[in-house]
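*Asks:* Sequence and predicted model, in that order:
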Amino acid sequence: MSKRVVLIGHPVAHSLSGAMQQAAFDALGIDAKYELWDKAPIALADAIAEVRGDDFLGVNITIPHKERVVPMIDRLTEEALATGAVNTLTREGKRLVGHNTDVPGFAAALDKLVGRQKMPRQAVVLGAGGGARAVVYGLIRAGFLRIVVFNRHLHRAEGLVRHFGKSAAHMDLRAMPWHESIIESELAKTKVLINATSIGLNADVSPIPGEVITGDLLVLDLIYKRTRLLRDAESNGAHAMDGETMLLHQGAAAFTLWTGQPAPLDVMSQALADARAGGLRSAEGEPAGDAEAAVPEAASPAG
Ligand code: NDP
């Protein structure tokens, strides 16, 4: 019997994960079909009950459910517990195990971003959602000593900082209000800038004005395309990278968890490129509502 793997999100229609995972199953002769399930938050609990069935090999969880799904899961891995966010499920009989493969995905992206340089110690993170949690955890594990998180809704960034209280006890992790002048002054003191907001996903706008990006910054945008932020960073001489590496490696880690086999990275990477050329554009679904409709009050996207 063909096995089922599903992506649960809202919405999911533009996700690249289906193309990437189906190509991997087909290449390795695994009889599995990857399905996209668009489930609003109210339908999440029923969807989670359904995937406990024997025909399911595994699940991906995406926007906006990564944090909400946590209490519905029977067991969490260390990375899911540490981040408070789950993006992959495996089954142990009828029990569900929650993993966070954004963590190894981000670690691969950070290594590539930094290259042969010494690992920096300071970072600015824009955003405080599920993706940002994997980013902050990855930065703490990589030895960063100061991380400043800016978010449109400050309370969410403060919640993130509280969540990491223990693992960040030895370093300076703080939330700051989204004001252009504060972001600019923090960027002047930092080496790494990561965009973990969805600003730039649906429209050609940047979360911050181009002129505050200095040439010595390493800039990573989790969004899988050449965003305005990345173009601004490059034109100022900064080193800039999109979310492709993170997407590929979180998907590869999920594939291995479901199948027990090494992921065919070349096949998955090619499938991503083909899907992107065919018009699919989201790393993992798209935020419910228009990500560009409302912007931080004190800092309109440079558009
Ligand atoms: P969430 O829905 O959990 O978080 C969205 C974040 O974006 C929040 O910080 C939110 O701020 C912010 N945001 C959204 N719209 C606006 C706006 N108009 N103005 C200011 N801030 C805004 O999503 P995720 O964390 O899961 O994903 C965030 C982005 O990262 C997405 O683009 C996603 O595709 C990408 N991503 C990529 C991955 C990859 O593998 N490459 C992996 C994970 C994520 P607020 O809290 O104030 O609403």
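*Replies:* Good, I have the coordinates.
*Asks:* pretty sure residue 270 contacts residue 23?
*Replies:* Yes: here residue 270 reaches residue 23: they are 7.3 Å apart, a contact under CB atoms under 8 Å. (Glycine included, C-beta is placed from N, CA and C.)
*Asks:* between those two, who's got more neighbours?
*Replies:* residue 23 (20 against 15; other CB atoms under 10 Å).
*Asks:* Could you list everything residue 91 pairs with in the sheet?
*Replies:* residue 96 (DSSP bridges).
*Asks:* these two touch, right, it and residue 97?
*Replies:* Yes: counting by CB under 8 Å, residue 97 is a contact partner of residue 91 at 7.4 Å.
*Asks:* and the host helix or strand of residue 276, what does it pack onto?
*Replies:* Using DSSP states H and E, residue 276 sits within helix 265-277. Secondary-structure packing of helix 265-277 (3 or more CB pairs under 8 Å, 6 or more residues apart in numbering; DSSP states H and E): helix 17-27, helix 244-259.
*Asks:* Look up phi and psi at whichever residue of the stretch 201-303 of the chain sits closest to the ligand.
*Replies:* Using CB to the nearest ligand atom, the closest approach of the stretch 201-303 of the chain to the ligand is made by residue 243 at 2.9 Å. Main-chain torsions, residue 243, degrees, to the nearest 10: phi -80, psi 10.
*Asks:* Who are the contact partners of it?
*Replies:* 109, 220, 221, 222, 223, 224, 283 (CB atoms under 8 Å, 6 or more residues apart in numbering).
*Asks:* Point me to the helix or strand that includes the nearest residue to residue 210 once chain neighbours are set aside.
*Replies:* Spatial nearest neighbour of residue 210, excluding adjacent residues (CB to CB, 6 or more residues apart in numbering): residue 232 at 3.3 Å. Using DSSP H and E, the element containing residue 232 is helix 228-235.
*Asks:* Check which helices and strands that helix is in contact with.
*Replies:* Going by 3+ CB pairs under 8 Å, 6+ apart, helix 228-235 lies up against strand 218-221, strand 239-241.
*Asks:* Give the closest residue to residue 22 in space, chain neighbours not counted.
*Replies:* residue 34 (4.7 Å).
*Asks:* my guess is that neighbour meets residue 21, correct?
*Replies:* Yes: counting by CB under 8 Å, residue 34 does reach residue 21; the two are 4.5 Å apart.
*Asks:* which neighbours do the two share?
*Replies:* Shared contacts of residue 34 and residue 21, counting by CB under 8 Å, 6+ apart, come down to residue 5.
*Asks:* between the two, who's got more neighbours?
*Replies:* Neighbour count, other CB under 10 Å: between residue 34 and residue 21, residue 21 has more, with 26 against 21.
*Asks:* Now do the same contact list for that one.
*Replies:* So residue 21 contacts 5, 34, 60, 251, 254, 255, 268 (CB under 8 Å, 6+ apart).
*Asks:* 6 Å instead?
*Replies:* Counting by CB atoms under 6 Å, 6 or more residues apart in numbering, residue 21 touches residue 34.
*Asks:* how close does it get to residue 33?
*Replies:* Using CB to CB, to the nearest Å, residue 21 is found at 10 Å from residue 33.
*Asks:* Over to residue 1?
*Replies:* 11 Å.
*Asks:* which of those two has more neighbours?
*Replies:* Higher neighbour count among residue 1 and residue 33: residue 33, with 14 against 6, using other CB under 10 Å.
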